[in-house]
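Engineer: Quick one: sequence and predicted model below, then my questions.
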Amino acid sequence: MRHFTKLFTAVTLTLGLVLAIFGNANANERYGKQKVVYHINYNGGEEDKAYRGALRNIQNHINAVGAENMEIKLVLHGNGLGLLANAKTNEALQGQVLSLKGQNVAVHVCNNTLQGRKISYENDLFDVFKEDIVPSGVAELSHLQQMGYTYIKP
């Protein structure tokens, strides 16, 4: 009986692995490699619901296509910087941001907004570094689209 249990467990694990690989292969065949820019320039609303939803959309996209098949940029400007400002104290947002960054999602922050609103990226925003700053959020969106990135505004 013990041998049967081990065999059953091994077969189940192998079948699960095969299905996972096959399922991912089907997604890869369907979606291929993708370059995408997500655009957030709005308020998060009550309990940051809009921000959390947008980040969840990005995660769902990664889940469907596979992180290894994606190049994702997240461009924040205007009220969109509220996402990273609110993440300073919102652990749920922090977790989502860090998880996406861990899957190679690049976050681009608009310098025009930083300057115009007197925001310090080092003190006022969560997990932003000098290399994350772009001169202009809208110019960055246009530049990325010219480079073949698909535009999505969740």
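Structural biologist: Now that the structure is in, tell me what you want to look at.
Engineer: low-scoring stretches of the protein, by residue?
Structural biologist: Within the chain, the stretches with pLDDT under 70 are 1-28.
Engineer: excluding its backbone neighbours, what's nearest Asp127?
Structural biologist: Excluding the flanking residues, the one nearest Asp127 by C-beta to C-beta, 6 or more residues apart in numbering is Val97, at 6.1 Å. The way it works is simple: take the backbone N, C-alpha and C, and place the C-beta from them, glycine included.
Engineer: do Ser136 as well
Structural biologist: Closest to Ser136 by C-beta to C-beta, 6+ apart is Asn112, at 5.3 Å.
Engineer: what's the neighbour count on Pro135?
Structural biologist: When counting by other C-beta atoms under 10 Å, one arrives at 10 neighbours for Pro135.
Engineer: go on, Glu91?
Structural biologist: Using other C-beta under 10 Å: Glu91 sits among 8 other residues.
Engineer: mind listing what the residue nearest to Asp127 touches?
Structural biologist: The neighbourhood of Val97, defined by C-beta atoms under 8 Å, 6 or more residues apart in numbering, consists of 55, 83-84, 87, 107, 126-127.
Engineer: Now that you've got the residues you listed, can you turn the buried subset into something I can paste into ChimeraX?
Structural biologist: Selecting only the buried entries of those in ChimeraX, with 16 or more other C-beta atoms under 10 Å as the criterion:
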select :55,83,84,87,107,126
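Engineer: Which single one of the contacts of Val97 is nearest to His143?
Structural biologist: Within the contacts of Val97, proximity to His143 (C-beta to C-beta) peaks at Val107, which comes in at 15.8 Å.
Engineer: Secondary structure class of the closest one, three-state.
Structural biologist: Of the three states, Val107 takes strand under DSSP: H, G, I helix; E, B strand; the rest coil.
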